[in-house]
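# Here is the input, now give the coordinates:
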Amino acid sequence: TRTLAMASGCLLYSLGIWLLFLLLGLVFYRKAMLQPYVGYAILNSLAFLFFTAALSLLISTFSPDDNVLNMLANIVGLSMSFLCGVFVPQSMLSVLAVGRFLPAYWYIRANNMLAGFGKEVFDLGFYWKCIGIQLLFAAAMFALTAVAAKQRRSTAT
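Residues are numbered from 1 along each chain as shown. Got it, this is the predicted structure:
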């Protein structure tokens, strides 16, 4: 179907860009890329990539116009960034109760743990919890996209 083709194209494009940046990192930062936790960080970024691709696809099913799509992407992206600790360390935020319900929070938590920020110690079980939550959000976004696309098709005919 059209939705499956759009999802596949979105994922392939996103994976291509992700791989390009990964290769550039290997070229320019070879020594840093061989550190012990880098593989976990790469997997964490891949899990978040699946979520962001799914969210982009979901938003695009509702948006009739490119300008509206850009506006929605900025609102969602910046809101999630402020609520989850992208710009300010999570230890300094008072809104983390809200952020815990967003996948960016779990992405940042895993990165903080891998880097040792905020006195977090690496815990493999907690790491997999962070990855799992991000992947569950991605699956939910893909499912919502399928439902929304089917609903749009049924109302269009």
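# Output the lowest-mean-pLDDT helix or strand in the chain as CSV, nothing but the C-alphas.
Lowest mean confidence among the helices and strands of the chain (mean pLDDT, DSSP states H and E): helix 96-99, at a mean of 77. The C-alpha coordinates for helix 96-99 follow below in CSV (Å, rounded to 0.1, in the frame of the first residue of the first chain):
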residue,chain,number,x,y,z
LEU,A,96,11.0,15.6,34.0
ALA,A,97,7.7,14.1,35.3
VAL,A,98,6.3,15.1,31.9
GLY,A,99,9.4,14.2,30.0
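# can you tell me which helix in the chain is longest?
In the chain, taking DSSP state H as the definition, the longest helix is helix 124-156.
# so what does that one touch, helix or strand wise?
Helix 124-156 makes packing contacts with helix 2-28, helix 38-62, helix 103-115 when contacts are defined by 3 or more C-beta pairs under 8 Å, 6 or more residues apart in numbering; DSSP states H and E. The C-beta positions use only the backbone N, C-alpha and C, and glycine is treated the same way.
# which sections of the chain are below the confidence cut-off?
63-64, 157 (pLDDT under 70).
# try 90 this time
Low-confidence segments of the chain (pLDDT under 90): 1-7, 10, 32-36, 56-74, 76-77, 80-100, 115-122, 148-157.
# In it, which residue is most central in space?
Per C-alpha atoms, centre = their mean, the C-alpha nearest to the average position across the chain is that of residue 48, at 2.9 Å.
# rewinding a little: what's the angle from the longest helix of the chain to helix 38-62?
Put simply, helix 124-156 runs at 20 degrees to helix 38-62, going by axes from the mean of the first three to the mean of the last three C-alpha atoms, to 10 degrees.
# Any idea how far helix 124-156 is from the middle of the chain?
Chain-centre distance of helix 124-156: 11 Å, with C-alpha atoms, centre = their mean, to the nearest Å.
# before we move on, what about stretch 46-58?
Centre-to-centre, stretch 46-58 and its host chain are 5 Å apart (C-alpha atoms, centre = their mean).
# Dump that stretch to CSV, keeping only the CA atoms.
C-alpha atoms of stretch 46-58 as CSV (Å, rounded to 0.1, in the frame of the first residue of the first chain):
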residue,chain,number,x,y,z
LEU,A,46,19.3,4.0,15.8
ALA,A,47,16.4,3.4,18.2
PHE,A,48,15.7,7.1,18.4
LEU,A,49,16.0,7.3,14.6
PHE,A,50,13.2,4.8,14.2
PHE,A,51,11.0,6.9,16.5
THR,A,52,11.7,10.2,14.8
ALA,A,53,11.1,8.6,11.4
ALA,A,54,7.8,7.2,12.6
LEU,A,55,6.8,10.5,14.1
SER,A,56,7.7,12.4,10.9
LEU,A,57,5.6,10.0,8.9
LEU,A,58,2.6,10.4,11.4
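# Okay then, goodbye and thanks.
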